[in-house]
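Colleague: Predicted model and sequence below, questions to follow.
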Amino acid sequence: MTAIITRFAPSPTGHLHIGGARTALFNWLLARQRGGRFVLRIEDTDALRSTAEYTQAILSAMTWLQLDWDGEPVYQSRRADLHRQYIDKMVEKGQAYWCHCRPEDLEARRQKALAEGGKPKYDGLCREKGLGPAPGAVVRFKGPEEGETGWNDLIKGPVVFDNRELDDLILLKSDGMPTYNLAVVVDDVTMNITHIIRGDDHVNNTPRQIQLYHALGARLPFFAHVPMILGADKTRLSKRHGATSVMAYREMGYLPQALTNYLARLGWSYGDQEIFSLEEMRKLFNLDHVGRSAGVFNPEKLNWLNSHYIKETPLDELGALVWPYLAARGYERPADDLLAKIMATVRERGKTLPELAEKAGFYFQSPPELDPRAAAKVLTPENLELLREMRASLGQALTAEDFENLLRRLAEARGVKLGAIAQPLRVALTGQTASPGLFEILEILGPAQTQARLDAVLK
RNA sequence: GUCCCCAUCGUCUAGCCCGGUCCAGGACACCGGCCUUUCACGCCGGCGACAGGGGUUCAAAUCCCCUUGGGGACGCCA
């Protein structure tokens, strides 16, 4: 059995988006699982819209997601000569022909066909004219006029198109550049791609591409069309549904494992299992279990996965990940072990990295910003008096455990519940009524900081 | 308009290919309870779906047909 070769072929006309990331992931998974190759091809034949910046952004997004590719990325634009050779050969063999129809005329005829209830396809005007090259001319594929073209899609099953539905697609643009459909086929053939996993929106291109494979005498690859990802309103995921680029999710504080796990599970399943490391997916992934219907992107579930992976991240790593968000708030960097201890107290209280930074904010503000409603409710005259009385004894403990014993004894001595003295202290130290565990906070703040915060409230 | 694809809880899905084990299982979200110094986490419980209609069959979420609904494509974009 020969090794499989898959590819991801984004066009650098924008950032890597959620849908693209998923097709990349599936291609990567299949290749890695079967010991094959996963190659990256940048489809930059649209000179107007493709940029080097987007190319870079796509590469870094892939790297962030830990989807490594084999060899150097292939730039489609640099293969234009090769594409041109194939086109010339097809013209020579009578498989393609020069067409002199002008874009405006074409558009007019399309509109007319549409108005008459027909399909807006090329009418074949130049097909039998035997024209040659000319300024503004294009080369079209001479497709079969009858019969059917179909394939057995690895995800969708058998798909068949009537050849009469297909028109003579352009292979060479008037600017001398190959079109997408031609370039893709020539590249996939010459790069020996065995499995093409791509978005659903390409099924309509597939019969045309298959005809090109036939014309080229090339062996067909396997096709697998992954369903679209939709927004909450069930239309194609777009900007107005919120962030769509992978890097935007990185900035919003999502972990790459959460995103790949979510994306894999959106469409693919393995029984009831929800949590998969990249390593695990790689073992278990299977195109048979990729669903056929479109899926709605659900940020809530992504959040859940993100908090799961946040809880799994070692504290020192988590500290490093959250630090940039803390720094953005203008805080000073604490020692690594202290930052790790802080993370331990907040990591179950936030779903994204910036949320963690927000929950940890009070540690870094001295005194912390006092929530007026918390103050009004909890820092009553009686409670302030209570804090004043407790102030000295708080200097006698050092560890969270000691603080717990101390406060429990104090509560017992006064004949009140722990909460009665914990809440005023919490508000004094954090400015909030909701916070991480009070004993841990006391340990982290230390005696001096604790006294300073009490002083600020009691002055 | 034409063609292609799709259709199980609000959402992601298991089950469908090989009909009975499914008065349909899991997860997110939501609601309730427990735990508890607060908030979370965690645990327990609840709500909630086979789009509709015809067939085939002793039996259909599972097979077939139609309808409806949704998505996609119809570019000298990729």
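Modeller: Looks like it arrived, so ask away.
Colleague: which secondary element of chain A has the worst mean pLDDT?
Modeller: Lowest on mean pLDDT, DSSP states H and E among the helices and strands of chain A sits helix A:103-115, with a mean of 89.
Colleague: Centre of the chain to that one, how far?
Modeller: Mean C-alpha position of helix A:103-115 versus that of the full chain (CA atoms, centre = their mean, to the nearest Å) differs by 39 Å.
Colleague: One more: stretch A:159-168?
Modeller: Taking CA atoms, centre = their mean, one finds stretch A:159-168 lying 34 Å from the centre of the chain it belongs to.
Colleague: start to end distance for that stretch?
Modeller: Using CA to CA, to the nearest Å, the end-to-end distance of stretch A:159-168 comes out at 20 Å.
Colleague: swap in stretch A:89-103?
Modeller: Between the opening and closing residues of stretch A:89-103 lies a distance of 25 Å (CA to CA).
Colleague: Who are the contact partners of residue A:80?
Modeller: By CB atoms under 8 Å, 6 or more residues apart in numbering, the residues touching residue A:80 are A:45, A:176, A:177, A:178. (C-beta placed from N, C-alpha, C; glycine too.)
Colleague: which ones among the residues you listed come in contact with RNA strand B?
Modeller: Filtering those for neighbours of RNA strand B using CB under 7 Å from any atom of the strand leaves A:45, A:177.
Colleague: ChimeraX command for the buried members of the contacts of residue A:80?
Modeller: The buried residues among the contacts of residue A:80 can be selected in ChimeraX (16 or more other CB atoms under 10 Å) with this line:
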select /A:45,177,178
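Colleague: Which two of the contacts of residue A:80 have the greatest separation?
Modeller: Maximum pairwise distance in the contacts of residue A:80, criterion CB to CB, is 11.0 Å, between A:45 and A:176.
Colleague: Can you give me every residue that contacts the residue of chain A most remote from its centre?
Modeller: Among the residues of chain A, the one whose C-alpha is farthest from the average of all C-alpha positions is residue A:413, by CA atoms, centre = their mean at 55.9 Å. The contact partners of residue A:413, taken as CB under 8 Å, 6+ apart, number zero.
Colleague: quick one on the thing from earlier: let me have the contacts of residue A:80 in a markdown table, extended by distance to residue A:199 and secondary structure.
Modeller: Listed next are these as a markdown table, based on distance: CB to CB, whole Å; DSSP: H, G, I helix; E, B strand; the rest coil:
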| residue | distance to residue A:199 | secondary structure |
| --- | --- | --- |
| A:45 | 18 | coil |
| A:176 | 28 | coil |
| A:177 | 23 | coil |
| A:178 | 21 | strand |
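Colleague: For RNA strand B, what's the nearest residue on the stretch 251-400 of chain A?
Modeller: RNA strand B sits closest to residue A:293 of the stretch 251-400 of chain A, with a gap of 2.9 Å, by CB to the nearest atom of the strand.
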